[in-house]
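Chemist: fold the following, please.
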Amino acid sequence: MSGKKIYGKLWVVATPIGNFDDFTFRGTKILRSVDTIYCEDTRVSGKLLKHFEIKKTLKVLNARQESKIIPAVIAELKAGKNIALLCDAGTPAISDPGVRLVNECRREGLEVSGVPGANAAVYALSIAGIATDSFIFEGFLPQKKGRQKKLAEICEEKRTVVLYESVYRVSKLLNELEEFCPGRFLAVGRELTKMFEEIVRGYPAELKEYFEGKKLKGEFVFILAPLNWKNEE
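Modeler: Numbers count the residues shown, from 1 in each chain. The predicted model follows:
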């Protein structure tokens, strides 16, 4: 009589957002134990594995390919393989690929667990000095269609708002915030956990002037203080 079929487990593993020393002991343990690691970019995740001397097969699962890759991942899990999911930085499925895969695993009755760790939004909130008792996370704004409508909604939001933005659109977003909510205090974080980490606070026009002409890189976290919040509070 055959026994119950044993399926593998999907591990959602958070990775450092800039400083390799932030990776957890449990994270390295899980990566060493799984059969396969799926990641956004093998070059980025390859550096992490090399740093911790972990030798594992890396396969690509990014936003563009996620839907196409899911059946293969599900098949591996049902074949008893344990799999880890990584993103380039931070926690997978949080403004990064992984949501569809995790959802399909749940639908299929497959086990999903994870290794908590770095998250740029929460980290930036913790060091920005802006009210955190109630906040919303909006991730990346639409690049084109719906962007202006979303900005108008955000600028009317009473709670703290956290946004991500690409280095290529930092100037654009500051211009938009100056237009939609010039009197709303905000903090902008960049190079988080790295040597040149910086949190800059002020109003849109002030931060626009501060960043003008500077050579910028990486992704940015924007934190809009609660509506009518004053820096003196």
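Chemist: what's the pLDDT at residue 169?
Modeler: Model confidence at residue 169, given as pLDDT, is 93.
Chemist: I'd say it and residue 144 touch.
Modeler: No. Residue 169 is beyond contact range of residue 144, at 11.0 Å (criterion: C-beta atoms under 8 Å). Placement of C-beta: from N, CA and C, glycine included.
Chemist: so for these two, which sits in the more crowded spot?
Modeler: Higher neighbour count among residue 169 and residue 144: residue 169, with 16 against 7, using other C-beta atoms under 10 Å.
Chemist: what about the closest residue to that one other than its chain neighbours, helix or strand, and which?
Modeler: Leaving out its chain neighbours, the residue that sits closest to residue 169 by C-beta to C-beta, 6 or more residues apart in numbering is residue 143, at 7.5 Å. Using DSSP states H and E, residue 143 is not contained in any helix or strand.
Chemist: next, count neighbours for residue 143.
Modeler: By other C-beta under 10 Å, 11 other residues sit near residue 143.
Chemist: so which elements touch the longest helix that the chain contains?
Modeler: Among the segments of the chain that qualify as a helix by DSSP state H, the longest is helix 66-78. Secondary-structure packing of helix 66-78 (3 or more C-beta pairs under 8 Å, 6 or more residues apart in numbering; DSSP states H and E): strand 9-13, strand 36-39, strand 83-85, helix 99-107.
Chemist: got phi/psi on residue 56?
Modeler: Main-chain torsions, residue 56, degrees, to the nearest 10: phi -140, psi 160.
Chemist: that one reaches residue 50, doesn't it?
Modeler: No. In this structure residue 56 lies outside contact range of residue 50 using C-beta under 8 Å: 11.0 Å.
Chemist: tell me which of these two has more neighbours.
Modeler: residue 56 (15 against 10).
Chemist: point out where this structure drops to low pLDDT.
Modeler: By pLDDT under 70, the low-scoring segments of the chain are 1-4, 232-233.
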